[in-house]
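S.K.: Below are the sequence and a predicted model for it; my questions follow.
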Amino acid sequence: MRRRDAAAQRALRRRAFFSAVPVLGLLCLLGLVELGLRVAPVDADLARFSFFVELKVSRWAYLRDQWVDHQMDAVLARRKPGDWLELPEARRPPFDQVPLPYPVDNNALGYRDDPWASAAGAQRVLLLGDSVSFGKGVEVQDRYADLIERERPGVDVRVAALQGCRADCMSHIFQEQALSFRPDLLVVQASANDLDQALFRLADAGALPGLQLGGLALANRSRLLVRLLHARESEDNEQQLRIAAEAAAAHTAEANARLFGMAAKMGVPVVVLQLSYAYGWRYGDHVADACAHHGAVCRGVVEVDFAAPPAAAAALEPRDLPLEADFVARTAAQMAMPEDELAQVFPHRDQFLDVVHLSPRGHATVASQLLPAVDAALAAGRPRPVGFTGLR
């Protein structure tokens with residue numbers, strides 16, 4: 001009996017062993033493939049796809065855990081006078097993190113600007129924007145608004161830009177400040193927050209095509225799974241951005257109409273500043289479209305081309321930042337990807353501190369391309385005020 005039992009156990013172990021051999025062989029093969037893919041070269045298309053997977057996994061996870069309220073009341077409530085040193089937000093992923101501390105000195109109204117007192121005869125420009133125009137990550141003298149002021153001493157640019165400001169916030173600020181300041185020109189920097197928040201809201205609600213965050217997080221652990229997703233075209237990042245852009249346009253339509261309508265009523269010409277993320281996608285189409293529908297007051301859209309070098313003017317000469325500020329190198333280290341391969345996604349990396357905020361060089365590029373539009377709009381003078389019934 002014992003001999004039969006021992007023989008049966010040996011037979012069972014043999015069957016288990018031979019059953020496990022194919023599984024172990026497959027796992028070893030997959031492991032070798034994974035190791036091979038980690039050293040295999042990555043072309044620009046796959047690098048871009050891999051970055052978007054990383055962006056969605058780490059940024060959306062950050063937003064869920066460290067939600068920052070971008071509702072208008074919360075953004076406006078953060079206005080405060082005084083000065084302090086703003087430090088990098090340590091928990092943000094490296095492509096989303098301004099890497100260096102920078103000083104903030106707000107005026108009595110809570111804006112990062114000098115006291116608002118125009119010189120006699122100065123042409124007055126009111127600038128609305130988000131953290132890009134606020135100058136997140138850079139010294140105040142490096143911002144494009146301040147570069148324009150230095151290049152045009154007779155132009156007084158008031159920076160009414162706030163971190164987290166969106167279309168509704170900008171419309172509110174214009175209504176607050178326009179009657180007292182009576183600007184000769186309004187510059188509206190289309191906010192990156194409009195598109196970014198629409199993208200996150202849709203993703204969080206499961207309303208975008210493709211994998212949910214949990215599935216993406218699992219796939220992001222393996223180069224093989226990322227390549228399979230890329231080959232299947234199951235994560236169409238361009239389609240997701242288009243869907244979010246349509247949602248942003250619908251969500252901001254009323255605020256943009258109110259903003260341009262107020263400008264039309266007051267006879268204040270408008271120039272729209274259309275920027276892009278560091279990977280090239282323009283995020284201000286919804287404001288550019290509003291400009292097209294208000295042609296009587298909107299003097300045009302400046303679509304900044306970061307491939308064009310800044311104009312050769314002393315006031316626009318940019319400062320270079322230390323190498324440790326480079327977000328591409330830090331993101332490549334997080335993704336365990338060679339830096340030169342990830343760099344294919346960001347052709348103008350020296351113009352950005354992260355995927356959205358400009359470096360001093362980026363601000364100089366914006367200033368040089370915005371300046372002609374400002375000159376032309378101020379030279380053309382004010383449009384004739386028109387009636388508007390949407391003013392509250």
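M.R.: Nice, I can see it.

S.K.: Going by C-alpha atoms from here, please, whenever you check contacts or count neighbours.
M.R.: Noted.

S.K.: mind listing what residue 158 touches?
M.R.: For residue 158, the contact set (Cα atoms under 8 Å, 6 or more residues apart in numbering) comprises 113, 116, 124, 125, 126, 127.

S.K.: So which of those residues sit within helices?
M.R.: Counting by DSSP state H, no part of those is found in helices.

S.K.: The helix or strand bottoming out on mean pLDDT in the chain: what's the following helix or strand?
M.R.: Across the helices and strands of the chain, mean confidence by mean pLDDT, DSSP states H and E is lowest for helix 2-39: a mean of 59. Counting by DSSP states H and E, the next helix or strand C-terminal to helix 2-39 is helix 44-65.

S.K.: Could you give the number of residues near residue 201?
M.R.: 16 (other Cα atoms under 10 Å).

S.K.: Can you give me the buried ones in the helix or strand where it lies?
M.R.: Per DSSP H and E: residue 201 is located in helix 192-204. By 16 or more other Cα atoms under 10 Å, the buried positions in helix 192-204 come out as 192, 193, 194, 195, 197, 198, 199, 200, 201, 202, 203, 204.

S.K.: Not counting its own residues, what contacts it?
M.R.: 60, 130, 164-167, 208, 212, 240-241, 244-245, 247-248, 252, 283-284, 356.

S.K.: let's see it at 7 Å
M.R.: Contacts with helix 192-204, where a contact means Cα atoms under 7 Å, 6 or more residues apart in numbering, come from 60, 164, 166, 208, 244, 245, 247, 248, 283.

S.K.: what angle do that helix and helix 44-65 make?
M.R.: 80 degrees (axes from the mean of the first three to the mean of the last three Cα atoms, to 10 degrees).

S.K.: average model confidence for helix 192-204?
M.R.: Computed over helix 192-204, the mean pLDDT rounds to 90.

S.K.: Now the element after that helix, going C-ward?
M.R.: With DSSP H and E, the next secondary element past helix 192-204 is helix 213-219.

S.K.: which helices and strands sit right next to whatever helix or strand comes next after that following helix?
M.R.: Once the chain leaves helix 213-219, the next helix or strand it forms, by DSSP H and E, is helix 223-232. Helices and strands touching helix 223-232, by 3 or more Cα pairs under 7 Å, 6 or more residues apart in numbering; DSSP states H and E, are helix 2-39.

S.K.: If we use 8 Å, what do you get?
M.R.: helix 2-39, helix 44-65 (3 or more Cα pairs under 8 Å, 6 or more residues apart in numbering; DSSP states H and E).

S.K.: If you average the pLDDT over it, what comes out?
M.R.: Helix 223-232 shows a mean pLDDT of 84.

S.K.: how about that helix: buried residues?
M.R.: For helix 223-232, by 16+ other Cα under 10 Å, it's 223, 224, 226, 227, 229, 230.

S.K.: Could I get those in JSON lines, plus columns for distance to residue 91?
M.R.: As requested, those are exported to JSON lines (distance: Cα to Cα, whole Å):
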{"residue": "223", "distance to residue 91": "24"}
{"residue": "224", "distance to residue 91": "28"}
{"residue": "226", "distance to residue 91": "24"}
{"residue": "227", "distance to residue 91": "28"}
{"residue": "229", "distance to residue 91": "28"}
{"residue": "230", "distance to residue 91": "28"}
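
S.K.: from the residues you listed, which is closest to residue 271?
M.R.: residue 230 (39.4 Å; Cα to Cα).

S.K.: need the contact list for the closest one.
M.R.: Residue 230 touches 46, 49, counting by Cα under 8 Å, 6+ apart.
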